[in-house]
Structure formats: C-alpha cells, structure tokens
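Asks: okay, structure incoming, though there's no sequence with it:
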Ligand code: HEC
C-alpha cells in the first residue's frame, strides 16, 4: 500500500470509530435530548420507589417486578441519552451532566453497565421470592448502580 492509501484507510477507520460519538444537529435536538434524559431518570426514580414500597410492605410484588424489569431497559438506554454536546443543566435545573461524561466516556459506560447488571440482579431476586435478597439487591443497585454514577458524573446545581 502506498502511504497515501494507508493514510486514507486510517482516516476511514477513525471515522467509523467516531460514529458512536455523534454530536447534535441543532439546538432543538439538544432541548429534546435533555428532556428525554430527565424524564427517563425520573422514571427510574419512580421505579426504584415501587420496589422500596414492596420492601416496606406498602406495595405489591407485581408492580415491583414490572418496575425492576423497566429499570433493566432504562439503564440499558442511558448511553443514547448522553450524545456529545449535551453537558449542562437539565430542563428544570436541579442537576447537571458533568463534562467528565464525555472526557471519560469509557468510565461512564462502565458505570452504566454496572447499573444494568444490578438491575438484572434485582429482577432475579424479585423472581426468587426471598425478601432479604430483594432488599440486598435493591440497596446494591441504589448505591453502587445509580449512586456510583451520580457521584462521579452528576452535579447538583446550587441555588
Ligand atoms: C451511568 C450514569 C447514570 C446511571 C447509571 C444513573 N443515572 Fe441518574 N443521572 C445521571 C446524570 C448524569 C444525571 C444528571 C443529568 C440530568 O438530570 O439530566 C442524572 C439524573 C438523575 C435524576 C434527577 C432527574 C431530575 O429530576 O432532574 C434522577 C431522579 C436519577 N438520575 C435517578 C436515577 C436512578 C434511580 C438510577 C438507577 C436506577 C440512575 N439515575 C442511574 C447519570 C446516571
């Protein structure tokens, strides 16, 4: 291969690698992304509360199970909710996505995959029917799944 062709091949490979990191097309898109991100995070908060209600004897097993199953889906789509160029506060301005998400993308993905694994473990525990195991899996997801990512990548906006 001539060096000219080789550099062309290298550029093409780089472009393929960058596709996963696609940015935003317009300001309109940015607002929509921020809204969907916040809505999804809030939904996750509600789902986790449904499991807590079951643990506290204030809710049924069936809604706890469907909430936990939903958590496996919502945690799974987190990477799509954070395209490049969407750092900053969410629509109601309580929290912001830290720029570290994009400078440390692989670490962010690790935190996200950890949350997915722990949501899956929560479903397994709920299906197993041992409340002690559900309590442990619930605490593990909250602290080491959701909480670990928030500590590193989420910022509370002081008002
Ligand atoms: C891989 C990282 C990551 C994981 C995992 C994660 N979050 Fe978040 N979450 C964020 C970031 C970043 C923000 C701030 C950005 C935003 O709110 O738009 C946030 C914001 C939130 C908010 C605030 C939304 C609001 O009202 O403004 C809630 C609630 C929330 N997350 C719940 C959860 C729950 C519950 C889980 C676990 C089931 C979870 N998150 C898992 C990164 C994560």
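Replies: Ah, there it is. Quantities reported herein were computed from a predicted structural model and do not represent experimental measurements. Numbering: from 1, shown residues only.
Asks: and the residue nearest to the spatial centre of the chain, what does it touch?
Replies: The chain has residue 78 as the residue nearest its centroid, 3.4 Å off, counting by CA atoms, centre = their mean. Residues counted as contacts of residue 78 (CB atoms under 8 Å, 6 or more residues apart in numbering) are 40, 112, 115. (Glycine included, C-beta is placed from N, CA and C.)
Asks: rerun at 6 Å
Replies: residue 112 (CB atoms under 6 Å, 6 or more residues apart in numbering).
Asks: measure it to residue 114 for me?
Replies: Distance, residue 78 to residue 114, by CB to CB, to the nearest Å: 11 Å.
Asks: and the helix or strand encompassing residue 67 with the ligand, contact?
Replies: Per DSSP states H and E: residue 67 is located in helix 61-76. Yes. Against the ligand, helix 61-76 shows contacts by CB under 6 Å from any ligand atom at 71, 75.
Asks: over to stretch 114-131?
Replies: Yes. If you take CB under 6 Å from any ligand atom as the test, stretch 114-131 does meet the ligand, through residue 115.
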